[in-house]
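> Structure, please.
(one chain, ligands or ions: 3)
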Amino acid sequence: MPHPLRIGLAGLGNVGAGVVRLLADNADLVARRADRPVVVTAVSARDRNRNRNLDLAPYAWVDDATELAGRDDVDVVVELIGGSDGPALTLARRSIDAGKALVTANKAMLAHHGLDLAARAEARGTALRYEAAVAGGIPIIKALGEGMAANRIDRVYGLLNGTCNYILTRMESERLAFATVLAEAQAAGFAEADPSFDIDGIDTAHKLAILAALAFGSRIDFGSVATQGIRAIELADLDQAAALGFRIKLVGLAENLDGTLFQRVHPALVPLDHPLAAASGALNAVAAEGDFVGRLFFQGRGAGEGPTASAVVADLVDIARGVTTHPFGMPVAALTALPTADPASRRGRYYLRLTVADRPGVLAELTAALRDHGVSIESLVQRGQSASGDAMVVMITHVSAEVAVLASLAQMQGSDAVTGAPVMMHILDF
Ligand SMILES: NC(=O)C1=CN([C@@H]2O[C@H](COP(=O)(O)OP(=O)(O)OC[C@H]3O[C@@H](n4cnc5c(N)ncnc54)[C@H](O)[C@@H]3O)[C@@H](O)[C@H]2O)C=CC1
Ligand SMILES: N[C@@H](CC=O)C(=O)O
Ligand code: NA
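Residues are numbered from 1 along each chain as shown. Ligands and ions are numbered 1, 2, ... in the order given. Predicted coordinates:
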C-alpha cells in the first residue's frame with residue numbers, strides 16, 4: 001500500500017468533526033479512490049475537552065493550530081477554524097509557505113486573501129483547495145474550474161447561503177418569525193459563528209466574489225460586491241410575491257458586462273417556474289452560463305456537517321491522487337482586474353411595496369412619481385387598512401432603468417402619504 005496522506009486538522013466544530021467522522025466511516029472507500037489511505041494525524045481546536053462524540057485519542061493534540069504547519073507528520077493542513085484573518089490566515093500562510101497543501105472551507109478568508117494564498121501556493125508548487133467554501137457539498141468549484149474550462153462564462157448566480165434560504169422557506173411555509181427560524185438554522189449547524197454574516201448577505205458576497213473570479217478569470221474583488229441581506233423582508237412580502245407568482249430568495253449574481261464586473265447580493269423575486277425557486281430549506285443552487293455549454297444548474301446541500309465534510313474530503317482525495325490545478329482556474333498572473341460595472345446601467349423589472357396613508361389621491365401620487373421618471377407599471381395591488389389605518393400598495397414595474405425606479409422611490413418618499421420605508425426588490429428574469 002502506498003504511504004498515507006497525513007492530515008493536520010485545525011477546527012473541530014460542525015465541519016471539522018464531520019471530516020473526522022467521514023474519514024472514519026468511509027475510510028476504505030476513500031483509500032481506494034485516493035489509491036492510498038487518508039488519515040488524520042494531528043488535530044487542534046480551542047477546547048480539547050468539549051464533548052464532540054469523537055474519539056480523539058488516535059490523534060496528536062496541538063494547542064496552537066499554527067504549529068500544524070511545521071509538523072513532520074502532516075502533509076496537508078485542513079483549516080476549519082473560520083474568520084478572514086487571525087489564526088486561520090496565519091495557519092494558511094505558514095502551511096503553504098512550508099510547502100504543505102491547504103484545504104479550507106473558509107470563504108471569508110478566501111474572499112479577502114484568496115489571491116495572496118493562491119500566489120503563495122503557486123510559488124511553492126503546492127495545492128490550495130476550497131470546494132467546501134462555496135455551496136458546501138455542490139462541486140461548483142470543480143465545475144467552474146474544470147468542467148466548464150472550455151467556455152466563456154459571462155454570468156453566474158444562485159442561492160449561496162443555506163441559512164437565508166432556510167429562513168425564507170420556513171417563514172413562507174410555516175409562517176414563523178424571523179428570529180425563531182434563525183435559531184433553528186443555528187442549531188442545525190448552518191449559520192456562521194456570527195449569523196449577521198448570513199442574514200446581511202456578507203457570506204453570500206464572499207462566495208460570489210470567489211465564483212466570479214473562477215467564472216470570469218478575473219481577480220477576486222470582494223470590495224465591489226453590492227450587498228443587501230434579508231432583514232427587511234416581511235411575511236407581507238413573501239405573501240405578495242407568492243400571489244404574483246414569485247418566491248423571494250437571497251440571490252448572488254455576478255456578470256461580466258462587456259469587460260466590467262457586476263456583483264450583487266440582494267433579495268430577489270424568482271418566478272415560481274425557475275429552478276432556483278424550487279431550491280428550498282437549506283439547499284443551495286447555482287446557475288452558470290457558458291457560451292458553448294449553455295446554462296448549467298447545480299442544486300444540493302450547501303451547509304451543515306455532512307455536505308461540507310463531503311467537499312473537504314473530495315479535495316483531499318484529489319490531493320492524494322496528485323492532482324494539481326491552479327486554485328482560481330489559471331495562474332494568478334493571468335487573472336484580469338475588471339473594472340466595476342455601473343449598477344445604474346442595469347435594467348429590469350422591480351417589485352415595490354409601500355405603506356401609505358389610506359386616503360384619496362395617494363395612488364395618483366405614487367403613479368405620478370413613476371410616470372415622472374418614465375417607469376410604467378405592469379401590475380398594482382392595494383391591500384386594505386392595517387391596524388394603524390395605513391394601506392399597503394404593491395407594484396411590479398415593466399422593464400425599466402434601475403436609476404429611474406430609484407428616483408421614483410425617492411420622490412414617493414418625499415410625500416407625507418408614504419408612512420413607512422418602501423421595499424424595492426429585483427425580479428430575476430433570466
Ligand atoms: N457550518 C457550515 O455549514 C459551513 C461552514 N463553513 C466554514 O467552515 C469553517 C468552520 O465552520 P464551522 O465548523 O461551522 O465552525 P464552528 O464554530 O462550529 O467550529 C470552529 C472550530 O474552530 C475551533 N477554533 C476556533 N479558534 C481556534 C484557534 N485559534 N485554533 C484552533 N481551533 C480554533 C473551534 O474550537 C471549533 O472547533 C468556517 O470557515 C465556516 O465559514 C463552510 C461551509 C459550510
Ligand atoms: N453559513 C453558511 C454555511 C455554509 O457556507 C450558510 O448558511 O450557507
Ligand atoms: Na462546493
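
> switch to C-alpha atoms for all contacts and neighbour counts from now on
Noted.

> Need the contact partners of stretch 120-129.
Outside of stretch 120-129, the residues within contact range by Cα atoms under 8 Å, 6 or more residues apart in numbering are 93, 96-97, 99-104, 117-118, 315, 319, 324-327, 331.

> And that stretch, end to end?
13 Å (Cα to Cα, to the nearest Å).

> And it, how far out from the chain middle?
Centroid separation for stretch 120-129 versus its chain: 24 Å, with Cα atoms, centre = their mean, to the nearest Å.

> do stretch 150-163 as well
That offset, for stretch 150-163, works out to 9 Å (Cα atoms, centre = their mean).

> End to end on that stretch, go ahead and measure it.
End to end - Cα to Cα - stretch 150-163 spans 33 Å.

> For it, what does the pLDDT average out to?
Averaged over stretch 150-163, pLDDT sits at 98.

> Any part of it near ligand 2?
Yes: Stretch 150-163 is in contact with ligand 2 by Cα under 6 Å from any ligand atom, via Asn161, Gly162, Thr163.

> Please check these and keep the buried ones.
Asn161, Gly162, Thr163 (16 or more other Cα atoms under 10 Å).

> Could you check how far the second one is from ligand 1?
Counting by Cα to the nearest ligand atom, to the nearest Å, the separation of Gly162 from ligand 1 is 8 Å.

> do the same with Ala212
18 Å.

> Any idea how many residues pack against Asp55?
Neighbours of Asp55 under the rule other Cα atoms under 10 Å: 10.

> Who does the helix or strand of the chain with the lowest mean pLDDT pair with, and is each partner parallel or antiparallel?
Sorting the helices and strands of the chain by mean pLDDT, DSSP states H and E puts strand 377-385 at the bottom, at a mean of 86. Applying DSSP bridges to the sheet, strand 377-385 is found paired with strand 390-397 (antiparallel).

> Need the contact partners of the strand it pairs with.
So strand 390-397 is contacted by 240, 349-358, 375-385, 419 (Cα under 8 Å, 6+ apart).

> tell me the secondary structure for Leu102?
Secondary structure for Leu102, judged by DSSP: H, G, I helix; E, B strand; the rest coil, is strand.

> Across the sheet, point out what pairs with it.
Here Leu102, judged by DSSP bridges, has bridge partners Val77, Leu128.

> For it, which residues are in contact?
Val76, Val77, Val78, Glu79, Ala92, Ser95, Ile96, Ala127, Leu128, Arg129 are the contacts of Leu102 under Cα under 8 Å, 6+ apart.

> all helices for this protein, in order.
14-25, 27-34, 86-97, 107-124, 140-142, 162-174, 178-187, 196-199, 202-216, 235-243, 305-321, 362-372, 402-413 (DSSP state H).

> Rounded mean pLDDT for the fifth one, please.
This means helix 140-142. 98.

> So what's the gap between it and the chain middle?
On Cα atoms, centre = their mean, the centre of helix 140-142 falls 13 Å from that of its chain.

> So what touches that helix?
With Cα under 8 Å, 6+ apart, helix 140-142 has contacts from Tyr130, Glu131, Val134, Leu211, Leu214, Val286, Phe298.

> quick one: is it near ligand 2?
No: Helix 140-142 stays clear of ligand 2 (Cα under 6 Å from any ligand atom), getting no nearer than 12.8 Å.
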